[in-house]
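Engineer: sequence and computational prediction follow.
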Amino acid sequence: MPAMLGLNVDVKSSMMTIGDVADHFGLPAHVLRHWESVGLLCPARVTGGRRRYTRDDLFRVASILRAKQAGLSLPDIRAFLAAGDPAVRKGVLRRNHGVLRARMAALQSALDLLEAGLNCSHEDVTTCPNYRGQLAELVEVGGSG
């Protein structure tokens, strides 16, 4: 995802089109339209019904993208962003926090396995003690070795 666009002009006088926002975030414009249709975005409209996005809208799009990276569903993202009550917002985040921690732990285990394989000089990587050590918990049956 590209770094946030630094706007050096007054946003009120220079709002962005849907194409500008889509290009900035590397998204197809239809994704922004979909997010609007499910209540995640509400850009201003100008003559002819064309959408115009402000800096606040850019932060909202960035929030949606990061929340999706964290694994939140669109309904959870909507609830999180719409929550005026911090307790409601925190409830949504708590529900997703444990799931993300588990995903991160699984990814760390996968990374450890790859690193063990990279550091192995055995002809058959599956006989390498360090590599096997990364898989031991999956192999152990009933506590036997």
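Structural biologist: That came in fine, so what should we check first?
Engineer: C-alpha from now on. contacts and neighbour counts both.
Structural biologist: Noted.
Engineer: now do the lengthiest helix in the chain, average pLDDT.
Structural biologist: In the chain, taking DSSP state H as the definition, the longest helix is helix 86-118. What helix 86-118 shows for mean pLDDT is 94.
Engineer: and for stretch 40-48?
Structural biologist: Mean per-residue pLDDT for stretch 40-48: 93.
Engineer: report the buried residues of it.
Structural biologist: When neighbours are counted by 16 or more other CA atoms under 10 Å, the buried residues of stretch 40-48 are found to be Leu40, Leu41, Cys42, Pro43.
Engineer: which of those sits closest to Gly98?
Structural biologist: Distances from Gly98 to the buried residues of stretch 40-48, taken as CA to CA, are shortest for Leu40 (23.7 Å).
Engineer: phi and psi next, for the closest one.
Structural biologist: When quoted as degrees, to the nearest 10, the phi and psi of Leu40 stand at phi -90, psi -30.
Engineer: next one: Val38
Structural biologist: phi -100, psi 10.
Engineer: any idea how far Arg103 is from it?
Structural biologist: 26 Å (CA to CA, to the nearest Å).
Engineer: and if you look at Asp76?
Structural biologist: 18 Å.
Engineer: those two - which one has more neighbours?
Structural biologist: Shown here are Asp76 and Arg103; by other CA atoms under 10 Å, Asp76 has more neighbours (18 against 13).
Engineer: how deep is the nearest residue to that one once chain neighbours are set aside tucked in, by neighbour count?
Structural biologist: Nearest residue to Asp76, sequence neighbours excluded (CA to CA, 6 or more residues apart in numbering): Val92, at 6.5 Å. For Val92, the neighbour count with other CA under 10 Å is 19.
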